[in-house]
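> got a sequence here, can you build the structure:
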Amino acid sequence: MRLGKAAVFGLVVGAVTVGLAAPAMADPGDVVVQPKQARPGDKITVVGKKCTVEGTAGSLAFVGGAVPLNGAEEVDGRAGLATIKKDTYPGTYTVLVRCGAHRSVGEIVVVDGKAHPKTTSAPKGGAGTGFGGGTGGADAALLAGGGVLLLGGFGVGAMAVRRRGNAA
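Residues are numbered from 1 along each chain as shown. Model (predicted):
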């Protein structure tokens, strides 16, 4: 009876872990938002680069919450036009693209309606101070996968401890 409870506990821990990690396991970098910064009321273009079928792009900043991504001849993937809600507060908002089974994430930065959007240039090359490949930032998919494996290991360890307690 105790083995059954430990097995159920392990399955529940695994299911919760995968459920919490699912948004982080979406493919990063496959969403292009142009322009990257917009004011409330502005129109932006969202492109799902890896979308092979029609889908949607959703964000809390968009009027209606989600916009359709249809075929566009001039881009790779699928594109759609979104409008930033007039009452959106300045900040960074996540854009989630869904096309069939494919999921990917991007960001839109909403600036104050009175401010002018900043243009930033991306640095070219690495700094001459070392640190290897650490300058690229964290890979969300790898971090989520590592978290799933770590919590799964805790679940297996809990089952093993329970099993040892039953054998004694």
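
> which secondary structure elements does the helix ranked longest in the chain contact?
In the chain, with assignment by DSSP state H, the single longest helix is helix 140-167. When contacts are defined as 3 or more C-beta pairs under 8 Å, 6 or more residues apart in numbering; DSSP states H and E, helix 140-167 packs onto helix 2-21, strand 27-28. (C-beta placed from N, C-alpha, C; glycine too.)

> quick check: buried residues in that helix?
140, 144, 147-148, 151, 155, 159, 162 (16 or more other C-beta atoms under 10 Å).

> adding distance to L60 and pLDDT, write those out as CSV.
Putting the buried residues of helix 140-167 into CSV (distance: C-beta to C-beta, whole Å; pLDDT from 0 to 100) gives the following:
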residue, distance to L60, pLDDT
A140, 19, 74
A144, 22, 83
G147, 25, 87
V148, 26, 88
L151, 28, 89
G155, 33, 88
M159, 40, 84
R162, 42, 80
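
> so which of those residues is the closest to G64?
The closest of the buried residues of helix 140-167 to G64 turns out to be A140 (C-beta to C-beta; 26.7 Å).
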